[in-house]
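Chemist: What follows is a protein structure lacking sequence information:
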């Protein structure tokens with residue numbers, strides 16, 4: 001199914017006028033659409049560059065793709081799914097769930113798929129956002145960015161990689177037309193995607209080289225299929241699934257003590273992780289090679305029961321010498337060793353603190369979000385607003401990431417805040433609203449003070465959690481229920497706002513498009 005604007009000539013000659021534009025339709029953007037619709041606010045559009053909802057879970061279809069948060073917690077609280085097949089869901093099942101939620105809450109008619117947003121520009125004359133996308137021009141009073149942190153693949157800058165003649169693709173852009181059966185394959189990276197890919201292909205390829213820059217800490221994956229009795233209870237016994245979800249949430253939240261407050265406690269978790277290594281790998285030299293040299297939790301903790309046994313296979317090699325060059329059919333490491341390969345899988349993560357999307361968002365005075373973050377670091381207010389970008393709200397913004405539990409919980413917390421903000425704008429007839437810089441600075445100073453005690457700043461590693469200024473601008477350094485409390489209500493006093501009646505008369509007439517002109521094809 002695809003959506004398109006019915007009157008294409010109007011789309012070309014005049015921007016489409018709506019109250020709110022949401023960019024992206026993963027868990028965050030779809031959630032925003034549902035919450036707006038439930039409030040009776042239908043004059044919005046979701047611009048989604050893909051052909052369906054789902055975001056990360058639509059795009060990441062590599063072998064073995066699955067979630068590392070338990071199924072019952074990795075779902076909307078308002079749309080619990082009693083039909084999860086197992087305790088940790090696979091990518092196809094999660095994508096099926098997201099698509100079903102979109103249909104259930106009847107918001108697909110608000111979506112414009114295949115709409116890749118190129119620029120979002122604040123217009124001082126109209127006090128609106130001018131948006132240019134591949135599907136046309138749009139104008140919105142409010143923009144909600146729900147782009148997500150794990151959506152822009154990070155391709156490695158390796159000499160000669162563009163000259164490789166075999167099949168090459170990023171883990172987030174898996175080419176299912178290519179068979180790896182019986183081939184010599186190299187995987188660059190040992191992060192969350194790689195540890196799922198490697199066990200899924202190790203027994204199919206003739207040889208597998210894994211290029212490891214930093215060994216990850218890996219914990220047991222307590223995954224299993226749900227029994228028929230459990231499925232019956234989730235579906236038929238009132239409150240049983242929600243009680244199960246609450247128990248999972250509480251257990252996960254205990255990890256915050258070690259991660260954010262008392263890093264020394266993480267030594268207990270390290271013992272469990274080292275047992276995983278000893279259990280999965282027989283070769284002592286290989287055990288040493290894959291044992292991290294930093295405190296667990298400093299980088300993202302991973303879960304797998306299959307990764308270490310896959311490394312112990314005779315047709316698998318872990319290569320720790322840095323890559324010097326990629327040739328037409330081989331990889332050369334810095335020690336001069338050349339290893340021939342047929343296919344190359346790049347599992348090097350994403351642009352998290354330097355997303356290319358930031359370069360296309362132009363705030364007051366024409367300064368881009370990328371320039372703002374470059375100068376001051378990636379920081380915002382409650383992960384939901386950034387000074388200099390009026391009438392714009394962020395979902396999964398700065399310091400909202402997690403290392404221990406479900407991002408959906410954080411997203412729903414932000415939705416409370418952002419939807420209440422839009423309600424406040426409508427209730428008070430506000431024309432422009434922008435977080436005060438002094439409030440944002442004070443908020444971030446407090447965040448970094450709390451972050452200073454965490455394992456992320458005292459674990460002896462460098463990670464994608466940190467920006468170029470050395471600050472952890474990715475993670476939330478406290479219990480998630482405290483973030484929920486912080487974002488329960490929109491705090492108008494933290495913002496500078498101007499009523500519509502006090503704004504200068506806009507250049508040209510802005511007419512709201514009360515009925516969307518989109519049609520299902």
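Modeler: It's in. Bear in mind that the values here come from a model prediction, so they are computed numbers and not experimental data.
Chemist: who's in contact with residue 286?
Modeler: Shown in contact with residue 286 (CB atoms under 8 Å, 6 or more residues apart in numbering): 311-312, 318. C-beta: built from backbone N, CA, C; applies to glycine.
Chemist: So which of those residues is surrounded by the most neighbours?
Modeler: residue 311 (26 neighbours; other CB atoms under 10 Å).
Chemist: Contacts only, for that residue.
Modeler: Applying CB under 8 Å, 6+ apart, we find residue 311 in contact with 198, 210, 280-281, 286, 290, 318.
Chemist: Also residue 265?
Modeler: 257-258.
Chemist: From residue 275, how far off is it?
Modeler: To residue 275, residue 265 is 17 Å away according to CB to CB, to the nearest Å.
Chemist: so residue 299 makes contact with residue 214?
Modeler: Yes - using CB atoms under 8 Å, residue 299 makes contact with residue 214 at a distance of 7.2 Å.
Chemist: still on that earlier bit, list the ones among the contacts of residue 286 that fall in helices.
Modeler: Secondary structure defined by DSSP state H assigns residue 311 of the contacts of residue 286 to helices.
Chemist: ok, back up a step: looking at residue 299 and residue 214, which is more packed in?
Modeler: Shown here are residue 299 and residue 214; by other CB under 10 Å, residue 299 has more neighbours (23 against 15).
Chemist: Secondary structure class of the more buried one, three-state.
Modeler: Classification of residue 299 using DSSP: H, G, I helix; E, B strand; the rest coil returns coil.
Chemist: Near the residue nearest to it when sequence neighbours are not counted, how many other residues are there?
Modeler: Among residues not flanking residue 299 along the chain, residue 463 sits closest, at 4.5 Å (CB to CB, 6 or more residues apart in numbering). Neighbourhood size, residue 463 [other CB under 10 Å]: 17.
Chemist: hey, what's in contact with both of residue 299 and residue 214?
Modeler: 292, 461.
Chemist: so after the biggest strand by length in the chain, what's the next helix or strand?
Modeler: What stands out as the longest strand in the chain, according to DSSP state E, is strand 136-145. Remark: after strand 136-145, the chain's next helix or strand is strand 167-170, criterion DSSP states H and E.
Chemist: who does that next one pair up with?
Modeler: Paired neighbours of strand 167-170 in the sheet (DSSP bridges): strand 343-346 (parallel).
Chemist: Please work out which residues outside the partner strand touch it.
Modeler: Counting by CB under 8 Å, 6+ apart, 153, 155-156, 161, 164, 166-171, 178, 180, 183-189, 197, 326, 331 sit against strand 343-346.
Chemist: which stretches of the stretch 201-350 of the chain form strands?
Modeler: 207-211, 218-219, 302-303, 316-319, 323-326, 330-333, 338-340, 343-346 (DSSP state E, counting those that start in this stretch).
Chemist: If you could redo that for the stretch 51-200 of the chain, that was the one I meant.
Modeler: 111-113, 117-123, 128-133, 136-145, 167-170, 184-188.
Chemist: can you check the stretch 351-500 of the chain too?
Modeler: 361-362, 392-394, 430-435, 495-499.
Chemist: and the shortest one, what other elements does it pack with?
Modeler: Think strand 361-362. strand 117-123 (3 or more CB pairs under 8 Å, 6 or more residues apart in numbering; DSSP states H and E).
Chemist: Report the angle between the strand it packs on and strand 430-435.
Modeler: Calculated by axes from the mean of the first three to the mean of the last three CA atoms, to 10 degrees, strand 117-123 forms an angle of 110 degrees with strand 430-435.
Chemist: buried set for strand 117-123?
Modeler: 117, 120, 122 (16 or more other CB atoms under 10 Å).
Chemist: Next, the contact list for the second one, please.
Modeler: Counting by CB under 8 Å, 6+ apart, residue 120 touches 23, 129-131, 143, 145, 360-362, 392.
Chemist: same thing with the first one?
Modeler: When contacts are counted by CB under 8 Å, 6+ apart, residue 117 is found next to 23, 47, 49, 131-133, 357, 360.
Chemist: which residues touch the spatially closest residue to it that is not a sequence neighbour?
Modeler: Using CB to CB, 6+ apart and skipping residues adjacent in sequence, the residue nearest residue 117 is residue 133, 4.7 Å away. Going by CB under 8 Å, 6+ apart, residue 133 touches 47, 112, 115-118.
Chemist: how about these in a markdown table, adding distance to residue 28 and pLDDT?
Modeler: Compiled in a markdown table, the contacts of residue 133 are given as follows (distance: CB to CB, whole Å; pLDDT from 0 to 100):
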| residue | distance to residue 28 | pLDDT |
| --- | --- | --- |
| 47 | 14 | 98 |
| 112 | 17 | 98 |
| 115 | 17 | 97 |
| 116 | 18 | 94 |
| 117 | 15 | 95 |
| 118 | 20 | 95 |
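Chemist: biggest separation within those residues, which pair?
Modeler: The span of those, defined through CB to CB, is set by 112 and 118 at 13.8 Å.
Chemist: average model confidence for stretch 337-345?
Modeler: Stretch 337-345 comes out with an average pLDDT of 97.
Chemist: actually stretch 156-173, not the one I typed
Modeler: 91.
Chemist: Name the residues of that stretch that are buried.
Modeler: 156, 158, 161, 164, 166-172.
Chemist: okay, how far is it across it, tip to tip?
Modeler: Terminal residues of stretch 156-173 are spaced 14 Å apart (CA to CA, to the nearest Å).
Chemist: So which residues make contact with it?
Modeler: Identification of contacts with stretch 156-173 by CB under 8 Å, 6+ apart yields 56, 59-60, 62, 150, 153, 155, 175, 178, 188-189, 193-194, 197, 323-329, 341-348, 350.
Chemist: Could you pick out the buried ones from those?
Modeler: Counted by 16+ other CB under 10 Å, those give 56, 59-60, 62, 150, 153, 188-189, 193-194, 197, 323-324, 326-327, 341-348, 350 as buried.
Chemist: elements contacting the top helix by length along the chain?
Modeler: When the chain is parsed with DSSP H, its longest helix is helix 407-427. Where contact means 3+ CB pairs under 8 Å, 6+ apart, helix 407-427 is packed against helix 27-38, strand 136-145, strand 392-394, strand 430-435, helix 480-486.
Chemist: Dump these to TSV, plus mean neighbour count and mean pLDDT.
Modeler: Shown next, in TSV, are the helices and strands packed on helix 407-427 (neighbours: other CB atoms under 10 Å; pLDDT from 0 to 100):
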stretch	mean neighbour count	mean pLDDT
helix 27-38	24	98
strand 136-145	23	98
strand 392-394	25	98
strand 430-435	21	98
helix 480-486	16	98
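Chemist: which one of those lies closest to residue 415?
Modeler: Nearest of these (CB to CB): helix 27-38, 5.2 Å.
Chemist: so who does the residue lying closest to residue 33 once chain neighbours are set aside touch?
Modeler: Using CB to CB, 6+ apart and skipping residues adjacent in sequence, the residue nearest residue 33 is residue 107, 4.4 Å away. Residues in contact with residue 107 (CB under 8 Å, 6+ apart) are 30, 33-34, 37, 46.
Chemist: Phi, psi for residue 107 please.
Modeler: Per-residue torsions, residue 107: phi -120, psi 0 (degrees, to the nearest 10).
Chemist: any idea of the pLDDT on it?
Modeler: What the model reports as pLDDT for residue 107 is 97.
Chemist: Make TSV from the strands of the stretch 51-200 of the chain and add distance to residue 503 to it.
Modeler: Output for these, formatted as TSV (distance: least, CB to CB, whole Å):
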stretch	distance to residue 503
strand 111-113	28
strand 117-123	12
strand 128-133	11
strand 136-145	11
strand 167-170	45
strand 184-188	52
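Chemist: residue ranges for the helices of the stretch 151-300 of the chain, please.
Modeler: 194-201, 228-236, 240-253, 255-256, 266-280, 284-289 (DSSP state H, counting those that start in this stretch).
Chemist: Now distance to residue 484 too, for those helices, in TSV please.
Modeler: Listed next are these as TSV, based on distance: least, CB to CB, whole Å:
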stretch	distance to residue 484
helix 194-201	30
helix 228-236	24
helix 240-253	11
helix 255-256	13
helix 266-280	24
helix 284-289	41
